[in-house]
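[1] Structure of the sequence below:
(4 chains)
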Number of protein chains: 2
Amino acid sequence: MEHAPYTVCKTCTIRTKSFCGALPVRSLDSLANTRRLVRFERRQTIVCEGATAVSLFNIVSGVVKLYRSLPDGRTQIVGIRLPGEFFAIADGEKYTATAEALTSVVVCRFSRSRLKQLMQQFPQIQARLLEMSYRHLAAAQDQIFLLGRKTAREKVASFLMRYSGKFDPERMDKYRRVPMTRTEIADFLGLTTETVSRVLTSFAREKLVAIDLSHSVRLLNIDLLRKIAGN
Amino acid sequence: MEHAPYTVCKTCTIRTKSFCGALPVRSLDSLANTRRLVRFERRQTIVCEGATAVSLFNIVSGVVKLYRSLPDGRTQIVGIRLPGEFFAIADGEKYTATAEALTSVVVCRFSRSRLKQLMQQFPQIQARLLEMSYRHLAAAQDQIFLLGRKTAREKVASFLMRYSGKFDPERMDKYRRVPMTRTEIADFLGLTTETVSRVLTSFAREKLVAIDLSHSVRLLNIDLLRKIAGN
DNA sequence: CGTGGTTTTGAGCCCGTTCAAGTATCGTGG
DNA sequence: CCACGATACTTGAACGGGCTCAAAACCACG
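    Numbering: from 1, shown residues only, chains lettered A, B, ... in the order given. All right, here's what the predicted structure looks like:
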């Protein structure tokens, strides 16, 4: 499912947030020529860990999880990317993590080699990508601290503070849905499904959150949750 | 302690490994003009988490740990930087982690603002920095998986495989010393000192490692250690 | 030699896991 | 619209890996 027109970049909702925003409008066509809009549905794999890295993706809408797993089934989400962010980190030749759609996702796919040419032509793009990489690195450091030193309660609270409401731009604030299963949350926090479930029901008993239909979580006491999350 | 001469860049041992290597030799002076060589001894703090980010550091020799800590004392090392690598990641204005010398360290300190000018002049520098950021991001993903999903034995084995021998360029191979205390290793692996010690002595009993004078660890059975480390 | 910091070792405990059973929710087709 | 099965979530009981607390051993330094 491809939205063909090149000209769409001009009206792109996330342009200013993303590296594309570094380009002046008149140069936008050279960018549009090198990318392709692609849509993925929830649970579809976008790239696989270890595959040859040919593309870089920019998220127009939706959310993507990056994860690694071991043959014995242990899985760990190593990053979550929101609209305007890019993904498909390659350590040289190969992707270092698998990317999968958490929601319906529309991404711009760029060929790495053509993007490299484009970056030589427009160094501002590179500057923005570098800046965004720093932000991703800082986010990774957050997660490293969380995984190494936080308790289950702190982990879940941190997760809720960080991500609830980030997935659905329409209804912010109160009805902050997170379209992740308990297993996915567990794989993000280095816990088991059961522990995530237990912590959430205990938060519900303490009136910190409410668990609505289809087990979705709504935040009730954000201040206390923030306190529990620590740092 | 400052090594004044600008011209030193030409003979710098890590130039080709670092972002400086992107510059042609004739342009090296403009780089040398913007940086300052500084030396730190083991345990000296180089930058503090939360401080305003004015510099970026490039490691000429020695090893640096990046860590975060909470007021209650919990500490987590979020990265280790080797010669040729840079550090001092800032999420916008502030450093996101504290940097401390693990060994005697010589660093090139660049002003962020002057480096930005320099990058506009020489976009190749930016390209190298971006590439290195990707590598750091991949390393962070390694650590995230390790912290979230590996057992204590796997963590220690992974640590030994990854870092022993990386600290002392002179004597590689057999006598791979790691100039970190048990507490520091624990803070890197999300464990306690006691657990690190127990795992190491159990490795010693199994003839996987030898524990020499001053508790330094020497690898004996690298193949098996790699297997234990997993992935 | 003492002294002080680091490391090792031991004993007991607890948080989060494992295993297992039961419940809720959703999609599908009759 | 409901019955059905599949999947996700919850709850309980028991276990155990790694933690806590405490003491002893080691080592560097004066």
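
[2] what separates the residue nearest the centre of chain A from DNA strand D, distance-wise?
    Nearest to the mean C-alpha position of chain A, by C-alpha atoms, centre = their mean, lies A:R81 at 1.5 Å. The spacing between A:R81 and DNA strand D, counted by C-beta to the nearest atom of the strand, to the nearest Å, is 21 Å. (Each C-beta comes from the backbone N, C-alpha and C, glycine too.)

[3] Now do the contacts for that residue.
    Neighbour list for A:R81: A:59, A:63-66, A:87, A:99 [criterion: C-beta atoms under 8 Å, 6 or more residues apart in numbering or on different chains].

[4] What is the neighbour count of A:R205?
    By other C-beta atoms under 10 Å in any protein chain shown, the residues close to A:R205 number 9.

[5] can you tell me if the lowest-mean-pLDDT helix or strand in chain A touches chain B.
    Every helix and strand of chain A was ranked by mean pLDDT, DSSP states H and E. The lowest is strand A:90-91, at a mean of 80. Yes: using C-beta under 8 Å from any C-beta of the partner chain, we find that strand A:90-91 touches chain B at A:90-91.

[6] contacts for that strand?
    Residues contacting strand A:90-91 (C-beta under 8 Å, 6+ apart): A:53, A:96, A:112, B:134-135, B:138.

[7] coming back round to it: just the buried ones from the contacts of A:R81, in ChimeraX syntax?
    This is the ChimeraX syntax for the buried subset of those, where burial follows 16 or more other C-beta atoms under 10 Å in any protein chain shown:
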select /A:59,63,64,65,66,87,99
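
[8] which of the contacts of A:R81 come close to chain B?
    A:L66.

[9] any chance of the contacts of A:R81 in TSV, plus pLDDT and secondary structure?
    Shown next, in TSV, are these (pLDDT from 0 to 100; DSSP: H, G, I helix; E, B strand; the rest coil):
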residue	pLDDT	secondary structure
A:I59	96	strand
A:V63	94	coil
A:V64	96	strand
A:K65	97	strand
A:L66	98	strand
A:F87	96	strand
A:A99	97	strand
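
[10] that older thread, beta partners for the residue nearest to the centre of chain A?
    For A:R81, the beta-bridge partners are A:V64 (DSSP bridges).

[11] what separates it from B:Q117, distance-wise?
    From A:R81 over to B:Q117 the distance is 31 Å, taken as C-beta to C-beta, to the nearest Å.

[12] again with A:N33
    Relative to B:Q117, and taking C-beta to C-beta, A:N33 is found at 31 Å.

[13] Next: A:L115.
    Distance from A:L115 to B:Q117, by C-beta to C-beta: 24 Å.

[14] Those two: who's more crowded?
    A:L115 (21 against 12).

[15] Contact partners for that one?
    A:34, A:56, A:125.

[16] Now the second one: which helix or strand?
    What it means is A:L56. strand A:55-61 (DSSP states H and E).

[17] Now do stretch A:191-209, average pLDDT.
    Here stretch A:191-209 scores 97 as its mean pLDDT.

[18] Can you point out the buried residues in that stretch?
    Neighbour-count burial for stretch A:191-209 [16+ other C-beta under 10 Å]: A:191, A:195-197, A:199-200, A:203, A:208-209.

[19] coming back round to it: can you flag the buried ones in the contacts of strand A:90-91?
    A:53, A:96, B:134, B:138.

[20] Give the burial count for the closest residue to A:K207 other than its chain neighbours, as a bare number.
    Leaving aside its sequence neighbours, A:K207 sits nearest to A:L220 (C-beta to C-beta, 6 or more residues apart in numbering or on different chains; 5.7 Å). Number of residues near A:L220 (other C-beta under 10 Å) recorded here: 15.

[21] Near chain B, which residues of chain A are found?
    Residues of chain A found near chain B (C-beta under 8 Å from any C-beta) are A:66, A:68, A:70, A:74-76, A:78-79, A:89-91, A:96-97, A:119-120, A:123, A:126-127, A:129-130, A:133-138, A:140-141, A:143-145, A:147-149, A:187, A:189-190, A:230-231.

[22] try 7 Å
    A:68, A:70, A:74, A:76, A:78, A:89-91, A:96-97, A:120, A:123, A:126-127, A:129-130, A:133-138, A:140-141, A:143-145, A:147-149, A:190, A:230-231 (C-beta under 7 Å from any C-beta of the partner chain).

[23] Drop anything exposed from these.
    The buried subset of the residues of chain A next to chain B - by 16+ other C-beta under 10 Å - is A:68, A:76, A:78, A:89-91, A:96-97, A:123, A:126-127, A:129-130, A:133-134, A:136-138, A:140-141, A:143-145, A:147-149, A:190, A:230.

[24] now the strands: where do they sit in chain A?
    A:35-40, A:45-47, A:55-61, A:64-69, A:75-81, A:86-87, A:90-91, A:94-95, A:98-101, A:105-111, A:209-211, A:217-219 (DSSP state E).

[25] If you compare the directions of the third one and strand A:64-69, what angle comes out?
    Looking back up the chat, that one is strand A:55-61. 130 degrees (axes from the mean of the first three to the mean of the last three C-alpha atoms, to 10 degrees).

[26] So in that sheet, which strands flank the least confident helix or strand of chain A, and in what orientation?
    Strand A:90-91 pairs in its sheet with strand A:94-95 (antiparallel), by DSSP bridges.
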